[in-house]
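# Got a sequence here, can you model it:
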Amino acid sequence: MYLCLMPENLLSHIDFPHDLRKLQLAQLPQLATELRDFIIDVVSRSEGHLGASLGVVELTIALHYVFHTPDDLLVWDVGHQAYGHKILTGRRSVFHTNRQFGGISGFPKRSESVYDTFGVGHSSTAISAALGMAIASKLKGENRHHIAVVGDASIASGIAFEGLNHAGVTDANLLVVLNDNAIGIDPSVGALKNYLTAVKDGKNPKQNNIIKSLNFDYSGPIDGHDLSALIRELERLKNVPGPKFLHVITTKGKGMQLAEENQVKYHAPGKFDKATGEVIIKSEENLPPKFQDVFGLTLLDLARKNDKIIGITPAMPTGCSLKFMMDEFPERAIDVGIAEQHAVTLSAGMATQGMTVFCNIYSTFLQRAYDQVIHDVALQNLPVIFCLDRAGLVGEDGATHHGVFDIAYLRCIPNLIVYAPRTEADLRNILYTAQLGLDHPIAIRYPRGRGITADWQQPYQKIEIGKANGLKGGEKVAILSTGFIGNNVVKALATMENSSDFAHYDFGFVKPLDERMLHEIFRKFTKIITVEDGVIAGGFGTAILEFAAEKSYAAVVKCLGIDDEFIEHGTVDELQKLIGIDVKTLQHKFSTF
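You can find the predicted model right below:
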């Protein structure tokens, strides 16, 4: 029975995909318009990822219209493109809470909905996950469809190729839908991107098809905004056995002119005027810089003076601000695409030839290249300079993106120096120091967002490796912090009545620790507090406890940081309060220790 609704009422009557399937095919373009307008309205006020979800509105409708989700299993890669999916699967009424503390996640999340079949945040996992589901369904004797939606930037990743390679030798009921819009967060790069462009332009003969060579039934490319064509092809593919591949062409930001014209800017534009699309600009006059810009501008300045400097990033030149160097020295600033493992080993290869390599990877994404850090860099003691952007709590992106594990997973690696700057000047100076030449690789972790000093471009100063700094004297309790969270400690102590009881030390180097300073601290104080914006287990505080145990010190040590749990989404201020490392809570914990 098809719904007969007033023209303006389609979306408001659709709570789940079974409601969607009651619509007539002729009504779907109107639904697409309403869904697109709904996304624009909410994101304009609440912020979030805009362009990717606008680009797949028709594809989202077609997939839920043709396949019987949630019985048929739909996996979205990354999740930036899944807003329409969330709205059509029971979360329309709460979509305004997207990415807000206590609200729904900005990414598919299994605990949130049965329609979110696989939790995602890092890219390129959809094919492997959906293939795993398809093989499991066959073993259980279940007749289900399994669909993976993957972007053209994500499909160039190693794990995506691994999934394709395996799927091609199975008879799994798997459909891979390539959402090809030629852009991820930044424009897609690489030979595969050029190949896909040639296919779209009709310059590549169909018999020379890389996907067919992997034993997939390939169809396309088709217009991803033509609902009739999409539904017709998806219905056909339902009856095709084995692994299938549908190449769909979409426009990121579709339906909003400025978002179509400025696809990088409107990936996640912040608040904007929904009528005009103009981004609401926040005044940045006299504000401290973003740490990513301190990195990018400092690296550019150093590269002008040192022609051995190379910058490498896996698909985040804008996000990490390598773009500054890329614009001036394109041959020495390299975007390798979504390929963190390759980025690390490429850096190692360059380092063997005497190049000074700055490999900039978000803290959470370096997890994907852990073996390469150990096997290809640290084991060979190659002086690669890892710059870990977005270390610590990152806010609204939530559990998949918080860079809270890096201290714990890096400090156990032999030969690797681990440093966390407290200020922009510290970051600027460690970058300068590193390019002068180190005997070991180094990981420099710094936060998302702005620093504390507007006037940060001061003359370079060489930093002594392994040296901690005393920031404040005190008589009863020693507080040891590492990195940017130390500024919360500074603020907390500044307004405490008994501030003179507390000494504060900044341990920028988590490895090697300043053991000389630690001996002085443990000889003077019987109470010590450590503060970090990472996990306590294996983190900075644990390193201090290990030192105390090894040297037989009897001081009481209290570790403040993130307990053994994943932290959800919210503003950084909200999450710091939740964890107990905000200024007010720190004051309370200091006073009651």
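
# Distance across stretch 378-388, terminal residue to terminal residue?
16 Å (C-alpha to C-alpha, to the nearest Å).

# So what touches that stretch?
Applying C-beta atoms under 8 Å, 6 or more residues apart in numbering, the external contacts of stretch 378-388 come out as 295, 320, 344, 347-348, 351-352, 356-363, 366, 373, 376-377, 403, 406, 413-416, 431, 434-435, 437-446. Quick note: C-beta positions are derived from backbone N, CA and C, even for glycine.

# Just the CA coordinates for the top strand by length along the chain, please, in CSV.
Longest strand of the chain, by residue count under DSSP state E: strand 527-535. Provided in CSV are the C-alpha atoms of strand 527-535 (Å, rounded to 0.1, in the frame of the first residue of the first chain):
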residue,chain,number,x,y,z
LYS,A,527,52.6,13.5,47.8
ILE,A,528,52.6,13.6,44.0
ILE,A,529,49.8,14.1,41.4
THR,A,530,50.2,13.4,37.7
VAL,A,531,47.9,15.0,35.1
GLU,A,532,47.5,14.0,31.5
ASP,A,533,44.9,14.1,28.8
GLY,A,534,45.4,10.5,27.8
VAL,A,535,44.7,7.1,29.2
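
# That strand pairs with which strands?
Using DSSP bridges, the strands paired with strand 527-535 are strand 477-481 (parallel), strand 556-562 (parallel).

# out of the contacts of stretch 378-388, which are inside strands?
Reading strands off those with DSSP E, I get Thr356, Val357, Phe358, Cys359, Asn360, Ile442, Ala443, Ile444, Arg445.

# wait, the first one sits on Leu436?
No: using C-beta atoms under 8 Å, Thr356 makes no contact with Leu436, being 9.1 Å away.

# ok, back up a step: who wins for proximity to Val240 among the strands paired with strand 527-535?
strand 556-562 (47.3 Å; C-beta to C-beta).

# buried set for that closest one?
Val557, Cys559, Leu560, Gly561, Ile562 (16 or more other C-beta atoms under 10 Å).

# again, but for stretch 528-539
Applying 16+ other C-beta under 10 Å to stretch 528-539 flags Ile528, Ile529, Thr530, Val531, Glu532, Asp533, Gly534, Val535, Ile536, Gly538, Gly539 as buried.

# Dump the strands paired with strand 527-535 to JSON lines, plus distance to Asp180 and mean pLDDT.
Formatted as JSON lines, these follow (distance: least, C-beta to C-beta, whole Å; pLDDT from 0 to 100):
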{"stretch": "strand 477-481", "distance to Asp180": "47", "mean pLDDT": "98"}
{"stretch": "strand 556-562", "distance to Asp180": "39", "mean pLDDT": "98"}
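
# Can I get the ones you listed in a markdown table including distance to Leu578?
Converted to a markdown table, those look like this (distance: least, C-beta to C-beta, whole Å):
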| stretch | distance to Leu578 |
| --- | --- |
| strand 477-481 | 19 |
| strand 556-562 | 10 |
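
# Figure out which of these is closest to Pro221.
Pro221 lies closest to strand 556-562 among the strands paired with strand 527-535, at 44.9 Å (C-beta to C-beta).

# Pull the residues that contact that closest one.
Taking C-beta under 8 Å, 6+ apart as the rule, strand 556-562 contacts 404, 526-536, 539-542, 544-545, 548, 579-581, 586, 589, 593.

# pLDDT averaged over the helix or strand following that strand, what's the number?
Next helix or strand after strand 556-562 toward the C-terminus (DSSP states H and E): helix 572-579. The average pLDDT within helix 572-579 is 97.

# Which other helices and strands does helix 572-579 contact?
For helix 572-579, the packing partners by 3 or more C-beta pairs under 8 Å, 6 or more residues apart in numbering; DSSP states H and E come out as helix 583-591.

# Which helix in the protein has the most residues?
Counting by DSSP state H, the longest helix found in the chain is helix 28-46.

# Would you indicate which residues of it are buried?
28, 31-32, 34-36, 38-40, 42-44, 46.

# Quick check: buried residues in the one helix or strand in the chain whose mean pLDDT sits lowest?
Here the helix or strand of the chain ranked lowest by mean pLDDT, DSSP states H and E is helix 191-200, holding a mean of 79. Residues Leu192, Lys193, Tyr195, Leu196, Val199, Lys200 are the ones in helix 191-200 that count as buried (16+ other C-beta under 10 Å).

# Ok, stretch 9-21 next?
In stretch 9-21, counting by 16+ other C-beta under 10 Å, buried: Leu10, Leu11, Ile14, Phe16, Pro17, Leu20, Arg21.

# try stretch 354-368
Across stretch 354-368, burial judged by 16+ other C-beta under 10 Å covers 355-368.

# go on, stretch 549-557?
By neighbour count with 16+ other C-beta under 10 Å, stretch 549-557 contains the buried residues Tyr553, Val557.

# could I get that stretch in PDB with only the CA atoms?
The C-alpha trace of stretch 549-557 is given here as PDB (Å, rounded to 0.1, in the frame of the first residue of the first chain):
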ATOM      1  CA  ALA A 549      58.900   1.600  42.100                       C
ATOM      2  CA  GLU A 550      62.300   1.100  40.400                       C
ATOM      3  CA  LYS A 551      64.000   3.600  42.700                       C
ATOM      4  CA  SER A 552      62.200   2.500  45.800                       C
ATOM      5  CA  TYR A 553      60.500   5.800  46.600                       C
ATOM      6  CA  ALA A 554      57.600   5.600  49.000                       C
ATOM      7  CA  ALA A 555      55.700   8.800  48.000                       C
ATOM      8  CA  VAL A 556      51.900   8.500  47.400                       C
ATOM      9  CA  VAL A 557      51.300   9.100  43.700                       C
END
